[in-house]
Each structure stands twice: as structure tokens, then as C-alpha cells.
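1. coords please:
(one chain, ligands or ions: 1)
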Amino acid sequence: MLRKIKVLFLDRDGTINRDIGTYVVSREHFQLIDGAADAIALARSAGYRIVVVTNQAGIAKGIVTPEQVEDIHRYMNELLTPSGASCDHVYYCPTHPDFPHPVYDRFSFCRKPETGMVDRAIDEYRFSGYEVDKSRSFFIGDKTVDVECGQRAGLRSILVRTGHGEEELCREKGIVPDFVANDLLHAVNGYVLSSDG
Ligand SMILES: [Mg+2]
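-> Numbers count the residues shown, from 1 in each chain. Next up, the predicted model:
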């Protein structure tokens, strides 16, 4: 018997940490967006699991190594933990269609807006005895690919105006998020917690 859980799937750059206009390659480049830790802590205390899904094509481009990306994720949790806001799992996708790579190309199914990372998280939870209740789970990010990924995965999607805040581009492409929030804290306070019956 699987136990049902609800999950917040979160984009990283521009959603949790400031988008610095280039790849985050070291800890110094990683700065939390104001309110992000509070948002994650609130969601956790409301019973959400936190899963980060991030495209990190800088790996295929040779700008950042998987080890550096993983170190940044350790650092992210170090910054979040004092607020009661750690992430349960982090998935990153190393590929980029314009930068073919003999090892990373097999992960192209995971590059958002593809749903590979979300699917894998759901599979791994199932393997551990938990069923992700999609009707009570959300995807939050700052780009059209985040909204699209959430929709393709059958989740309600929230666009945040931090980072790239692609509200206009979403409109042009006809990709309509369920909610547009000023930032992650507004997304959680203004939509997630009030939608969860
Ligand atoms: Mg982003």
C-alpha cells in the first residue's frame, strides 16, 4: 500500500536563488532570493515534500562540472536548513541540444520542458512506498519551460516574476500558468496553501 504525498517541484535558478545572468559555478554565485527559505519552510510545515528540478546545461557546455553543481546543492541545503527549509531531492539535467556530448545526450529526455526529472522523482518515491498525489502537487518556476514541464507532468503550474519571469513569453506562446506570483513566498502563501483543500 502506497502512502500518498504532496510535492512542490521547484525550479532552482531565478526561483530559489538569484539569477545572475550566467551559470552558477561556485558557492559565491549562489544567493537565496528574499523569502525563498521562508516559502520552503512554510510548505514543509504544511506537509509538502520539496523536490528541485533544474536544467544545468552548463555541464554539457563545459562551463561547470557535475561535482560543482552537486556542491552548490549541498550549499543550498546548508543555507536553507537553519530556516527549517531543506530540499528532499534535487535533480539536475546536464544536456543541451546544441552541445552534443557522448555521456550526457542520453539524458535529453530530462531537459525541461521534458518531464524526465519529475517522472524520475515520482518513480523513486513510488519505489520508496509513496505515491505522489498530482492533484495536490505543484510546479513552480520562472520560465515558460517550467510552466510547460509542470503542465505536461499533470501538475498545477505557477510562474514567478523573479529571475527571467517570462510572463510575456508565456502569453505569446499560449502557455498559461495556473497562477503568476511575485516570488516563491507569494506563490506558496498566495496560491499553494490556499488551493490545498
Ligand atoms: Mg529558472
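2. and stretch 40-53, what's its mean pLDDT?
-> For stretch 40-53, the per-residue pLDDT values average out at 98.
3. please apply the same query to stretch 113-133.
-> Computed over stretch 113-133, the mean pLDDT rounds to 98.
4. which other residues reach that stretch?
-> 2-7, 9, 49, 51, 53, 89, 91-93, 107-110, 139, 144-146, 148-150, 152-153, 155 (C-beta atoms under 8 Å, 6 or more residues apart in numbering). For the C-beta atoms, the positions are set from N, CA and C on the backbone; glycine is no exception.
5. any of those buried? List them.
-> Among the contacts of stretch 113-133, those scoring as buried are 5-7, 9, 49, 51, 53, 89, 91-93, 107-108, 110, 139, 144-146, 148-150, 152-153, 155 (criterion: 16 or more other C-beta atoms under 10 Å).
6. just checking, which of those belong to strands?
-> If you go by DSSP state E, those have 5-7, 9, 49, 51, 53, 89, 91-93, 139 in strands.
7. possible to save these as CSV with distance to the ion?
-> As requested, those are exported to CSV (distance: C-beta to the ion, whole Å):
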residue, distance to the ion
5, 24
6, 22
7, 18
9, 12
49, 20
51, 15
53, 10
89, 17
91, 14
92, 12
93, 12
139, 12
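8. in terms of helices and strands, where is the residue nearest to residue 189 when sequence neighbours are not counted?
-> Leaving aside its chain neighbours, residue 189 sits nearest to residue 42 (6.9 Å; criterion: C-beta to C-beta, 6 or more residues apart in numbering). Following DSSP states H and E, one finds residue 42 within helix 36-45.
9. for that helix, C-alpha coordinates in CSV please.
-> The C-alpha trace of helix 36-45 is given here as CSV (Å, rounded to 0.1, in the frame of the first residue of the first chain):
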residue,chain,number,x,y,z
ALA,A,36,12.6,31.7,-0.6
ALA,A,37,13.7,30.0,2.6
ASP,A,38,10.5,31.1,4.4
ALA,A,39,8.4,29.8,1.5
ILE,A,40,10.0,26.4,1.5
ALA,A,41,9.7,26.2,5.3
LEU,A,42,6.0,27.1,5.2
ALA,A,43,5.4,24.5,2.5
ARG,A,44,7.3,21.9,4.5
SER,A,45,5.3,22.6,7.6
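10. so which elements touch that helix?
-> Judged by 3 or more C-beta pairs under 8 Å, 6 or more residues apart in numbering; DSSP states H and E, helix 36-45 is in contact with strand 3-10, strand 48-55, helix 66-80, helix 184-187.
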